[in-house]
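A.B. asks: Quick one, structure for this:
(one chain, ligands or ions: 1)
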Amino acid sequence: MSGRSVNAQEIENKVKNLLSQMTLEEKVGQMTQVDFSVIGDPKEQNAEDQINPAKLEDAVLKHHVGSILNAPLAPDNKAQSVETWRKIMRTVQDAAATTRLKIPLIYGIDAIHGATYTQNSVLFPQAINMAATFNSELAFKEGEITAREVRASGLQWNFSTVMDIGRQPLWPRLWETFGEDVHLATVMGTSYIKGHQGDDFSAADKAPTCLKHYVGYSYPLNGKDRTPAWIGERMLREYFLPTFEAGIKAGSPTVMVNSAEVDGIPGHANHHYLTTILRDELGFKGFTVSDWEDIKRLYTRDKMAASEKEAVKIAVMAGIDMSMVPFDFSFYDLLIDLVKSGEVPMSRIDEAVSRILTVKYQAGLFEPKPLLPVEGNFATAEAIETNRQAARESIILAKNDHNILPLKKDADILVTGPTANLLSVMNGGWTITWQGDAEDLYPQEKLTVLEAIQKKSTGKVTYIGGDAFDAPIDVQKVIEEAKNYDVILLSLGEKPYTETVGNIESLNLDQAQIELANAAIATGKPVVLLTLGGRPRIITSIAERASGVILGFLPGMEGGEAIADILYGDYNPNGKLPVSYPRNTNGITPYDYKPMESFEQNTYNPLYPFGHGLSYTTFETSDLKAEKEKINMGENINVSVKVKNTGALTGKETVLLYINDVAASVTRPNKQLKAFKKVELNPGQTESVSFTLTPHDLSFIGVDLKRIVEPGDFKVMVGNEIVGFTVTK
Ligand code: BGC
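C.D. replies: Next up, the predicted model:
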C-alpha cells in the first residue's frame, strides 16, 4: 500500500484521536448497518428521490449508523440509474456531514458479477464461469471494471468476492464460487481483489472488497442453503480456510460471516473461527460484518441465545464488528445496554470501531475524491468487449461427436427449450434484482442465445418454446418440424435463483425438460444440448444421445453472443470445468478424492471430470520434466512440459499441473491442482511451459492440525504424463 491516504501510522493516529472523542452511542452506531428501507419510503418507490428525510435523520443523526446497504427498496431491490445512485449517495453523505464528528457512512452493495444494482452496468459471467476461463487476467479485469462502475455509481464497498469452495453441487450458491478446487479459487479470487482494489483502494476508481462467507458456509450436508456443515478442523484448514487466508494477504479489508453453522456452532457465535483463527493466526486487521439478520437469528432461529440481547452479546464477543441488522435499531439499543451493564467491555467496542474507522480512512471516505465522470468509466465499449471475451472463455464444449460443431452459417436450426430466449437464465441471481429473475428489466439490446443465433445465421432458424420458463413447450410441434432442419439446438437448464430460494430436492432436471429432450432425440436429427444455470443438473441420458454438449452455466450479459460465437466457430472454445459434473444425483465426489473413493467398488465416475473441456483443435502435452530428482525440505522445484497444437486451428489450452504425495500420515487426495497456465497456440506450434512448486504446494494439514511437508516421494501429473521427485529431510 502506498499514498498519503493509506499511510498506516497516520491513519492509526487519526483513528485514536477520533475514537477518543466518541460517545458510547456514536461508537455503537458505527457498528450498526441498516438496509436502505430503513431510510427509504416504500410509498415513493418510483420517485426519483427515494429517501425519507425524517427516517434518514433518525438513522444517521439519532442512531449514528455507520453503514447502509442494498438497493431501494426491500423486498424488491432493483437496479437504479447511475444518476439516481449518485443522488442517493449525496443525500446520505450530506446527512453524515451534519453529525457532530462528521464520520462518513460506508455504503455496501452486492456487486457480485459487476455492478448488480446499477442499470446498464457491465454484468460479467458469474464466478463459476470465471473459474472455467482459467484466466486470472480476466478475473483481474472484472475486478477493475466492477470497482470502477461501483464507484462511478457513488457506492463505496463491494460484498464480493465469494471465497467459499464449491464442493456441494446441490447448494444454490455454487455458482457464486470459483468451483471445487482450492488452488483455482485462490488464484481467481485474489486476482479479482487485486483488480478491484489496486494498490490503494482510496483511488477514485477502486473500492474495498469483502471476503465471504467466513467460513465453511458452502458445504451444507443436505445441500440446502443455510443448513449445517460438519467440517472437522483438518478439513476446514485444508479446503475452506486457504482461500480466505489468500484473500486477506491480497489486502481485502472486510470479511462477511457464514450465515449457517459448522460443527454445531453458528458462524456468528464462533469465537474460535472469528477471533482465534481469523485474528490471532491469520492476522486479519480489517473488520468483520455479520450476514443478513444473522445476529438476531442466534436467538430466533438457532436457539443459542435466550434473548435477542444475549445474541448480540455472543456475536460481539465472538468477534463480529459490524451488524447487518438490517431493518431496525435493536442491535444498537441492546449493545448500548450491554456495555452499560458491563456485560460487553468497552475495550471490545473500541476494538471493533477502530477497525471500522481504519477501513473508512483507508477507503478515502473522510476526504472523498470527486466521482468519476460517467462517460468513459461506465459500460465502455472496451469493458463490454472484455466481458464478451470472458463469456467466450467461460463456455465449455463438453462433447462434439463427428465434429457436429461448429455449425455452418447456413445450417437450418430448430431451437427449443426453456433457456433459449431469456437473458435472466444466463445471468442468474444478483442481476438487476436480488433473484435476477425480472426478465422485463433486462437491457433489451442484449441478445439471448436465440437472438444471437438469428443474428449470425444465413439459414432458417425457428424457435419452439414459450418465452417464459413455465410455459409448456409444444413437444408435438418439435417432433413434426424436426425433419425440416439440419440440427436441433436443445437449450435446457435452470431458472435464476439466489440463496435459500434456490434450494432443490434433487439435481435431476424437471420432467418437462426431460420429455422435451427425449422427443427431440427421438426425431433422429442431430441434437446439440446447451445447458444454462448455476448448478450441474443431471443430463447424463440426454448428453449420451446428443451429438454435441455445451455447458454454459451463467455466462452473463454477453452470454448469448458468446455462445453463438462458439456454435458457429467464430470463437474456438477453451473453457474447462471448474467442478466435477455428476453423472448421477448422488455422484458428488470431487476430482481430488481420497484413495478409498476409488477403491474396490468405489469409483470417481462423473459425467465430465474437473478440467474437462474440448476445443475445435487438439493439443498434446509431452516431455514433462522435474528439474531435480531430489530436493531438500524447504526448497522449490521447477517442472516443465511441452504443449503442442496438433490440430488445424489456433486455440487456447490450459495446462493443468497436479501433484500427489505418495505416502503421508494423513491420507492424501489422488491428485491436487497446484498450478495452471493458459497458452494460445497456432496450428503446429509448440510451447514449453514451466512451473515452480513451492514447499506450500507440497504441504498438508498434519495430525496435529499444523501445515507440514513430509519427506518422501511426490508425483507430478500433466496430461497423461507422470514424473516423480523426492523430498529429503
Ligand atoms: C447474503 C450475502 C449478501 C448479503 C447482503 C445475504 O443474504 O448471504 O451474500 O452479501 O445478504 O445483501
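A.B. asks: Up against the ligand, what does the stretch 351-500 of the chain have?
C.D. replies: Contact residues (C-beta under 6 Å from any ligand atom) of the stretch 351-500 of the chain with the ligand: Glu499. Every residue, glycine included, has its C-beta placed from N, CA and C.
A.B. asks: show me where the stretch 351-500 of the chain has strands.
C.D. replies: According to DSSP state E, counting those that start in this stretch, the stretch 351-500 of the chain carries its strands in the segments 396-400, 413-416, 461-464, 487-493.
A.B. asks: Quick check: which of the ones you listed is buried the most?
C.D. replies: Highest mean neighbour count of the strands of the stretch 351-500 of the chain: strand 487-493, a mean of 26 (counted as mean count of other C-beta atoms under 10 Å).
A.B. asks: Show me what the mean pLDDT comes to for that strand.
C.D. replies: Average pLDDT, strand 487-493: 98.
A.B. asks: Output the contacting helices and strands for the next helix or strand after it.
C.D. replies: Note on strand 487-493: by DSSP states H and E, the next helix or strand toward the C-terminus is helix 511-522. Counting contacts by 3 or more C-beta pairs under 8 Å, 6 or more residues apart in numbering; DSSP states H and E, helix 511-522 packs against helix 475-481, strand 487-493, strand 527-532, helix 540-545.
A.B. asks: Let me have the strands of the stretch 351-500 of the chain in CSV, extended by distance to Tyr591.
C.D. replies: Below are those laid out as CSV (distance: least, C-beta to C-beta, whole Å):
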stretch, distance to Tyr591
strand 396-400, 15
strand 413-416, 33
strand 461-464, 37
strand 487-493, 23
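A.B. asks: just so I know, which of the ones you listed lies nearest Asn77?
C.D. replies: With C-beta to C-beta, the closest approach to Asn77 among the strands of the stretch 351-500 of the chain belongs to strand 487-493: 24.5 Å.
A.B. asks: How confident is the prediction for the one residue sitting closest to the centre of the chain, by pLDDT?
C.D. replies: Centroid-nearest residue in the chain: Glu176, 3.4 Å away (criterion: C-alpha atoms, centre = their mean). Glu176 carries a pLDDT value of 98.
A.B. asks: got a list of what it touches?
C.D. replies: 112, 126-128, 162, 164, 429-430 (C-beta atoms under 8 Å, 6 or more residues apart in numbering).
A.B. asks: distance of it from the ligand?
C.D. replies: Separation of Glu176 from the ligand (C-beta to the nearest ligand atom, to the nearest Å) stands at 8 Å.
A.B. asks: same check, this time on Asp401
C.D. replies: Counting by C-beta to the nearest ligand atom - Asp401 and the ligand are separated by 40 Å.
A.B. asks: Report pLDDT for that residue.
C.D. replies: Confidence at Asp401, expressed as pLDDT, is 98.
A.B. asks: got the contact list for the closest residue to the ligand within the stretch 401-550 of the chain?
C.D. replies: Nearest to the ligand in the stretch 401-550 of the chain, going by C-beta to the nearest ligand atom, is Glu499, at a distance of 5.7 Å. With contacts defined as C-beta under 8 Å, 6+ apart, Glu499 is in contact with 172-173, 225-226, 429.
A.B. asks: Looking at those residues, spot the one nearest Asn158.
C.D. replies: Of all the contacts of Glu499, Gly429 has the smallest distance to Asn158: 15.7 Å, by C-beta to C-beta.
A.B. asks: Quick check, the closest one in contact with Lys495.
C.D. replies: No - using C-beta atoms under 8 Å, Gly429 makes no contact with Lys495, being 10.3 Å away.
A.B. asks: tell me the domain boundaries of this protein?
C.D. replies: Domain assignment for the chain, taken from automatic domain parsing, gives 24-29+107-362, 395-598, 619-728.
A.B. asks: So which of Gly429 and Lys495 has more stuff around it?
C.D. replies: More crowded of Gly429 and Lys495, by other C-beta atoms under 10 Å: Gly429, with 27 against 21.
A.B. asks: which residues touch the more buried one?
C.D. replies: Gly429 makes contact with 112, 175-176, 435-436, 496-499, 502, 534, according to C-beta under 8 Å, 6+ apart.
A.B. asks: and with 6 Å instead?
C.D. replies: 435-436, 496-498 (C-beta atoms under 6 Å, 6 or more residues apart in numbering).
A.B. asks: Count the neighbours of Met235 for me.
C.D. replies: By the measure other C-beta under 10 Å, the count of residues near Met235 is 15.
A.B. asks: Quick check, pLDDT for it.
C.D. replies: For Met235, pLDDT reads 98.
A.B. asks: Looks to me like it is in a helix.
C.D. replies: Yes - with DSSP: H, G, I helix; E, B strand; the rest coil as the criterion, Met235 is part of a helix.
A.B. asks: Next one: the nearest residue to Asp294 once chain neighbours are set aside from Ile336, what distance?
C.D. replies: Leaving aside its sequence neighbours, Asp294 sits nearest to His268 (C-beta to C-beta, 6 or more residues apart in numbering; 4.8 Å). To Ile336, His268 is 19 Å away according to C-beta to C-beta, to the nearest Å.
A.B. asks: Neighbour count: the two, which is higher?
C.D. replies: His268 (29 against 19).
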